[in-house]
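*Asks:* What follows is a predicted structure for the sequence shown.
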Amino acid sequence: MSSLNGVSSVTANVGITNEWKYFASTEGSYIEQETFEITPSFNVSAKVGDVIKTRTFVGVSKTGGWEVAEESEMLENAERIANEAVEMTTAKPIGMGLKDLVLTPSHAMLTIHEIVAHATELDRILGYEANYAGTSFVKLSDVGKLKYGSKLMNITADRTMPGGMATIGFDDDGVKTTEFPIVRDGILVGLQTNRETAPQIGDKASKGCTSASSWRDYPFLRMPNVRLEAGGKGSPNVEQMIADTKDGVLIDGRGSYSIDQQRYNGQFGGNCFWEIKNGKKTRMVTDVTYNAITTDFWANLDLIGSQETWKMFGTGGDAKGQPTQTNSISHGSPHIRIKKIMVGAAYA
């Protein structure tokens, strides 16, 4: 990558986090668990004239061993990402207006995390968690009734999925972890609970969502791995989704984000953007953001990719509580299309 004309710097890293826990309780539990988190990524900065841009490649972070780094396809994507970094330096902002968004899994994970996963944490809904990043627009009475999105929207929480960064055998209450639905066919059907909050909604058992950053931190409700399920038979692949889009933007990777105190009104950006015109991916564009009213945004989900487009990405910087604790989780998604969303430039 460094030999490509225009590339000014390249950095690559593989983060490795090891955690060992021993849990003992008056309930009679004695549990020992050890996990390794592997986070591979690289950044390419390019400079043309006075313009400097950085393109980020985030490999799939997982719990596992060094094989996670070897399987992350960093070498396979090096040349493509370097060329895109150079292209970003000459990309122009896109015009403001209503456009269709085609979101890759590495970007969709951001909206899933911020306006689905956080919004369905029961302690936020109850008001137990408010000072750090607010509460939630969701009400207890919404379960079974709230139209969270279109019928294509199926969200699952899971602390058992292989490789998930929140995957563990038992949570920090000593509760065996599980998989459970949050949204089915667009309707809110479940919430994230632990032993402290489950009785508040009449659940007979905790869903195993308690976590603490260390032995000296208070264990409280933290989100599990939360994923958007892929479409069924006949669902489009990426090429078919783009071919069906007349006026849109393809968004890849994470960028800026800003969400109100109830996870209802947000603004999101990505790392790299391409204009889609008349079914074709055309020029690269820059500094794109979009506005998202949570239920309106997901109601406009009109295409969901096939299983072959589904991919899981992780993040290790999920902060919550005071004193602040951080959590690692994974979010999976197929490629998706969101119709008629207000798009504009990030910088005026």
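*Replies:* Sure, I can see it. Only a predicted model underlies this, so the values are computations on that prediction, with no experimental measurement involved.

*Asks:* Backbone dihedrals for the residue nearest to residue 279 when sequence neighbours are not counted, both of them.
*Replies:* When the adjacent residues along the chain are set aside, residue 279 lies closest to residue 243, with 4.4 Å between them (C-beta to C-beta, 6 or more residues apart in numbering). All C-beta spots, glycine's among them, are computed from the backbone N, C-alpha and C. Backbone geometry at residue 243, expressed as degrees, to the nearest 10, gives phi -60, psi -20.

*Asks:* list the contacts for residue 15?
*Replies:* Contacts for residue 15 were tallied using C-beta atoms under 8 Å, 6 or more residues apart in numbering; they are 37, 38, 39, 40, 41, 316.

*Asks:* switch the cut-off to 7 Å
*Replies:* Residue 15 sits next to residue 39 when contact means C-beta atoms under 7 Å, 6 or more residues apart in numbering.

*Asks:* Name the residues of the helix or strand where it lies that are buried.
*Replies:* Using DSSP states H and E, residue 15 falls within strand 7-24. Within strand 7-24, the residues that count as buried by 16 or more other C-beta atoms under 10 Å are 7, 8, 10, 14, 23.

*Asks:* pLDDT score assigned to the residue nearest to residue 279?
*Replies:* Listed pLDDT for residue 243 reads 98.

*Asks:* Mind listing the residues bridging to residue 22?
*Replies:* residue 32 (DSSP bridges).

*Asks:* Is it correct that residue 327 is in contact with residue 222?
*Replies:* Yes: between residue 327 and residue 222 there is a contact at 4.6 Å, judged by C-beta atoms under 7 Å.

*Asks:* Can you give me the neighbour number for residue 76?
*Replies:* Using other C-beta atoms under 10 Å, residue 76 has 8 other residues around it.

*Asks:* Quickly find the element holding it.
*Replies:* Going by DSSP H and E, residue 76 is part of helix 74-88.

*Asks:* can you check residue 276 too?
*Replies:* Assigned by DSSP H and E, residue 276 falls within strand 272-277.

*Asks:* coming back round to it: I'd like the mean pLDDT over the helix holding residue 76, please.
*Replies:* For helix 74-88, mean pLDDT is 95.

*Asks:* Summarise which helices and strands it is packed against.
*Replies:* strand 7-24, strand 30-48, strand 51-58, strand 280-286 (3 or more C-beta pairs under 7 Å, 6 or more residues apart in numbering; DSSP states H and E).

*Asks:* Mind giving me the packing neighbours of the next helix or strand after the third one?
*Replies:* Beyond strand 51-58 in the direction of the C-terminus, DSSP H and E gives the next helix or strand as strand 62-63. In terms of contact count using 3+ C-beta pairs under 7 Å, 6+ apart, strand 62-63 is assigned the packing partners strand 30-48.

*Asks:* re the thing from before, so which of residue 327 and residue 222 has more stuff around it?
*Replies:* Set residue 327 next to residue 222 and count neighbours by other C-beta under 10 Å: residue 222 wins out with 26 against 19.

*Asks:* so where's the stretch 201-348 of the chain uncertain?
*Replies:* Residue ranges of the stretch 201-348 of the chain with pLDDT under 70: 345-348.

*Asks:* Show me where it has its strands.
*Replies:* 210-211, 220-221, 225-228, 247-252, 257-259, 265-269, 272-277, 280-286, 288-293, 301-304, 311-320, 325-333, 336-345 (DSSP state E, counting those that start in this stretch).

*Asks:* quick one: strands adjacent to the third one?
*Replies:* When sheet partners are counted by DSSP bridges, strand 225-228 sits next to strand 155-158 (antiparallel).

*Asks:* Please list the residues outside stretch 165-174 that contact it.
*Replies:* The contact list for stretch 165-174 (C-beta under 7 Å, 6+ apart) reads 23, 25, 27, 29, 31, 33, 35, 37, 61-63, 159-161, 176-177, 194-195, 206, 208-212, 219, 224-225, 314, 316, 328-330.
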